[in-house]
Structures are given as C-alpha cells and as structure tokens.
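J.: turn this into a structure:
(chains A and B)
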Protein chains: 2
Amino acid sequence: MSPTPAGEPHPLDAATMLKPIAPGTLRGHTSQAYWNFAGPYGGITAAVMLRAALESGERLGDPVSLTVNYCAAVAPGPFDISARNVRTNKSTQHWSLELSQTGQGVANTATAVFALRRPTWSHFPARRPEAGAPEDSPVVATGGMSAWLARYRFRFVGNGSAFGAGDAEAPADARSVGWMEDMPERRLDFVSLAALADAFFARIFHVRRRFFPIATISMTTYFHVSAEELAAVEAGPVLGVADGRAFTRGISDQTGELWSRGGRLLATTHQIVYYRD
Amino acid sequence: MSPTPAGEPHPLDAATMLKPIAPGTLRGHTSQAYWNFAGPYGGITAAVMLRAALESGERLGDPVSLTVNYCAAVAPGPFDISARNVRTNKSTQHWSLELSQTGQGVANTATAVFALRRPTWSHFPARRPEAGAPEDSPVVATGGMSAWLARYRFRFVGNGSAFGAGDAEAPADARSVGWMEDMPERRLDFVSLAALADAFFARIFHVRRRFFPIATISMTTYFHVSAEELAAVEAGPVLGVADGRAFTRGISDQTGELWSRGGRLLATTHQIVYYRD
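T.: Just a heads-up that it's a prediction; the model follows:
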C-alpha cells in the first residue's frame, strides 16, 4: 500500500480542487496525474463537476444522480465551472453545470440532483457477485499506459483476466467483475465514487480483447448511499461489475455497479461510448 | 385496434407539438391526454424535450442519449423550451435544454447527445427474453386511473401479472417483462421511444404490489438504433424489461430495456425515483 505522503493532498483532491472566482463560478486546473490520451480521464471530470455542486453553500442533502456529457477534450490548464442551482425543493435540488476554457468553449455539460434522504422502507434486491478476497486476484499491469491508470489498482475476478489477451475469434464476454481502488489509498466519498464510475475499461476492450480508440460521450451515475453511510464503508477496494448490451455503428453502452467489500451497493452507472474499429 | 381518426394528429404528436417563437426557443402546451396526477406524464415531457432538439435545423445525425431531470411539476398550460446547441463536433452534437413556464421557473432540465452513425463492427450480446406472442398475454386494466395510462396498452408476461395484487408478505420480484404499445397505434420513432422509456410502472408497485406516491427525479435513455433502422422496425408493441436494484431511504433506481418484437434492442433506460411509503 502507498499512502499519500504526509502533508500532501491526495492526487484526487488536488485534481478536483476548486476556487470560487465569482458567484456560481469556480476555477480549477487539469491534473497530469489523471491525464488520459487526449485530455483528462473522464472520471476526474465527473468528480470535479460533482465537487462544484457539493461545495456550494446552497447544497441540500446528498447527491443521488449525476450526468456528465463529454462535448470536447479539456485542454491542459485552467478551466472554469459554472454551477447553477436551478431549483431547490423541499427534499430535492437540481443543478446545471458547465466546464469551459478560455478560447475553447464548453468542454462538458452536467446535471446533478441532490436529495435529503429520509428513513423509509428499504430493500436491496441486487446481490454482490461472489469475488473472494481482493488479494486472491492478481493486480492488472497498467504501467506505461495513460497516467490516470496509475491512480487506481485493478484486479479482475474470473473471466475479466482474458482482457488484453489478443483478438478473440468470437466476441468474448462483455461482463467483467473486478476490484478497484484509489492509488494512493483514500477513503471513499461522493467525489471518488463519481470518478470510479468511469474507471471500468471500455467494454469493447473486453469483447475484442484489444484496444481501440474510444471516448465516453455521456455518463450517468446514481448514488445509493447517504454521506454518513458512505463514511461508514470499510476502507479498501470496491467491487466493480460492468456489462454492455449493444455495440452498433460506432456507439456502445456500458452499465456498471460499484459494491462495497461488505456487499452494499454504493452506486450504479451507465455510459454511452464512441468506438472506432 | 383503434387507429387515430383520419385527419387528426396522434395524441403523442399533438402533445409534443412545438412552435418556434424565438431563436432557440420553442413553445408547447400541456396535453390532458397525457396527464398524470400532479402534472404531465414524465415520458411525454422527455418526448417533447427530445423533439425540440430533433426539429432544430442544426440537428446532426440521430439521438444517442437523453437525460431529463424533473425539477418541478409542469402546470397545465403553455410552456417554453430553450434548446441550446452547445457543441457540434465532426460526428457528435451536444444539446442543453430547459422547459419553463411564466411565473413558475424551470420545471425540467435536459441534455441530449446526437451522433452520426457509421458502419462499424457491431455486436449485440444482450438477448430479448422469451415472451410468446403479445396476444397471448392479457391486457392490464388501467381504466379510471391517470389519463396517460390510456395512451398505452400494457400486457405483462409472467410474474408481472402479480402487480397490484395487494401487499406481499415478502418483497416480490422487482423485474417485469411486458408488451407496451402506443394507443392509438403509432409507428415508432425517437419521440415515441423517449416517451415509452418512462412507461414502466414504478418498481415499488411491483415489489410491494400496491401503489405509493412516487416521482421520477431523473431519467436517462440511450438509443441503439439509427432513424432508418427504427423506421424499418415492424409495427406493433415493443417488449419492455425493467428491474430495480436498490430502494433506500426514499430513492430507488430502475433500469429498462425496450426490444422490438423481432428481437432488436432499441433503447435502454435508467431512472432514479422518489418514493414515499
């Protein structure tokens, strides 16, 4: 394990740091630690958009929904996020957000919904897949690839290990199960969950077992825990389950679940992905 | 079957009719034909938001993603939709939309992504569940309930028929399979698919077998067909498959699939729902 050196912010916190510069406008800066090929890792953009709403003094309750649209690559450097509280109801709050850069226009749009959680009848029909202990699954070697991959530790459970093994004769399984955790280790919060939701490898990499140019077009994440419940989740990796149902004419879908080690469904996530074969 | 009387527009087309009143602003009117308890049926709102982008002269390709947030009930009467083309790339286009009413503020926000579909390697790992012929499943009686329910014909396949049978001792299955079709009958297009995506009954109605106050907070739909492919889909009902994974502290999720009778996955949809028990 590699904890963050004393006195330094975790790279996720550094990459999502925002400074209010005007009412409803926050300034951030891209982070090389989460760099992908042509722009920041999509998960870090989702995380910083959510953080803009989370840190607003107007925040009501906890996030329940976040949709981020990837309109254009964010260029290295500063960016501004406009965070508009569109409507605050008794128990829900709606946000509209945009990330833009001087001379580049809008790179991301987002909407987020927050809600006050209340005690009610609760029910969890979904079950976490059996996955053994994280230590029983080998760590996926991602060294030398995009910088952001070093910000997570990935372990596939079961058939996900065929990932990257070369083009399959027939399409391989789109479903994967695996442990995922922040590197260096970090307690879970909504910001890190929002980022983790995009950390699944593109389904086409699993199905065809090799890499293609891909880009997330739009991602929606639903959170199924309150802030207190999330703070009580044990440290360590989460179990990620992802699948895809349709790859058609350059667009595929992806669904994902993020489970605590103890079996609590923390978040579900969906995205639509551009691919070029 | 009840076709639309000659010369009259289908209620779906009438309810989503929009008139440009200024650059980027379109005016519509709520429809009693799709009225729900406290406002319009959520699906008709999704449909009219999508139609605002679809009918823009700036439209690029076909819709691939639509997220609609339900901020407040729409009051009976006229409404305005602002439709902003945020970014047009070589093969994708991003829209931000808002529905508002004079004196009421913003009732809905939405984002939509359009894309030019290209010929590529395609693959459909998901399979349509076996459901027999639509005529083999009984029509669900929804007479006397909300007006919008008369705009669809529902037939449950298998265990969904326990729906409404009274509170179960243990939670019943959240998953349902059923045939759904516009009433009067109507050819499928993106507008009707966007509306159908919200036509699943709330999962809590299935799980607890009775009715509760519920409201969709946010819904995202992904389209897996091009306009030409959709135009070629056989007439008649689509098969809807829906499930829920977490009901917790007043918020539940719902996932859905809309399949053509012939077995093509047309759209997948996700929503987060407020419930009060």
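
J.: with adjacent residues omitted, what lies nearest to A:Pro78?
T.: Leaving aside its sequence neighbours, A:Pro78 sits nearest to A:His29 (Cβ to Cβ, 6 or more residues apart in numbering or on different chains; 5.1 Å). Every residue, glycine included, has its C-beta placed from N, CA and C.

J.: need the contact list for that neighbour.
T.: A:Met17, A:Gly77, A:Pro78, A:Phe79 (Cβ atoms under 8 Å, 6 or more residues apart in numbering or on different chains).

J.: quick one, strands of chain A?
T.: Under the criterion DSSP state E, strands of chain A are mapped to A:19-22, A:25-29, A:62-70, A:78-88, A:92-101, A:105-115, A:152-157, A:176-182, A:214-223, A:238-243, A:247-248, A:251-259, A:265-275.

J.: ok, and which of these has the densest surroundings?
T.: By mean neighbour count, with neighbours taken as mean count of other Cβ atoms under 10 Å in any protein chain shown, strand A:62-70 ranks first of those at a mean of 27.

J.: including distance to B:Gly24 and mean pLDDT, could the strands of chain A go into JSON lines?
T.: Output for those, formatted as JSON lines (distance: least, Cβ to Cβ, whole Å; pLDDT from 0 to 100):
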{"stretch": "strand A:19-22", "distance to B:Gly24": "25", "mean pLDDT": "97"}
{"stretch": "strand A:25-29", "distance to B:Gly24": "23", "mean pLDDT": "98"}
{"stretch": "strand A:62-70", "distance to B:Gly24": "18", "mean pLDDT": "98"}
{"stretch": "strand A:78-88", "distance to B:Gly24": "17", "mean pLDDT": "98"}
{"stretch": "strand A:92-101", "distance to B:Gly24": "16", "mean pLDDT": "98"}
{"stretch": "strand A:105-115", "distance to B:Gly24": "15", "mean pLDDT": "98"}
{"stretch": "strand A:152-157", "distance to B:Gly24": "41", "mean pLDDT": "96"}
{"stretch": "strand A:176-182", "distance to B:Gly24": "41", "mean pLDDT": "97"}
{"stretch": "strand A:214-223", "distance to B:Gly24": "21", "mean pLDDT": "97"}
{"stretch": "strand A:238-243", "distance to B:Gly24": "37", "mean pLDDT": "98"}
{"stretch": "strand A:247-248", "distance to B:Gly24": "31", "mean pLDDT": "96"}
{"stretch": "strand A:251-259", "distance to B:Gly24": "26", "mean pLDDT": "98"}
{"stretch": "strand A:265-275", "distance to B:Gly24": "25", "mean pLDDT": "97"}
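
J.: if we can go back for a sec, which two of the contacts of A:His29 have the greatest separation?
T.: A:Met17 and A:Gly77 (14.4 Å; Cβ to Cβ).

J.: output the set of residues of the stretch 101-250 of chain A in proximity to chain B.
T.: Proximity of the stretch 101-250 of chain A to chain B (Cβ under 8 Å from any Cβ of the partner chain) is limited to residues A:105-106, A:109-111, A:113, A:115, A:117-126, A:171, A:173-174, A:207-208, A:217-218, A:220, A:222, A:224-226, A:243-250.

J.: let's go with 6 Å and repeat that
T.: By the rule Cβ under 6 Å from any Cβ of the partner chain, the part of the stretch 101-250 of chain A lying against chain B is A:106, A:109, A:111, A:113, A:117-118, A:120-126, A:171, A:174, A:217-218, A:220, A:222, A:224, A:245-250.

J.: picking up where we left off before, compare A:Met17 and A:Gly77 (neighbour count), which wins?
T.: A:Met17 (15 against 10; other Cβ atoms under 10 Å in any protein chain shown).

J.: pLDDT score for that one?
T.: For A:Met17, the pLDDT comes out at 98.

J.: measure it to chain B for me?
T.: 25 Å (Cβ to the nearest Cβ, to the nearest Å).

J.: now A:Arg276
T.: Distance from A:Arg276 to chain B, by Cβ to the nearest Cβ: 7 Å.

J.: neighbours around the closest residue to that residue other than its chain neighbours, how many?
T.: Among residues not flanking A:Arg276 along the chain, A:Pro213 sits closest, at 4.6 Å (Cβ to Cβ, 6+ apart). Counted with other Cβ under 10 Å, the neighbours of A:Pro213 add up to 12.

J.: quick check: A:Pro213 vs B:Ala231, distance?
T.: 30 Å (Cβ to Cβ, to the nearest Å).
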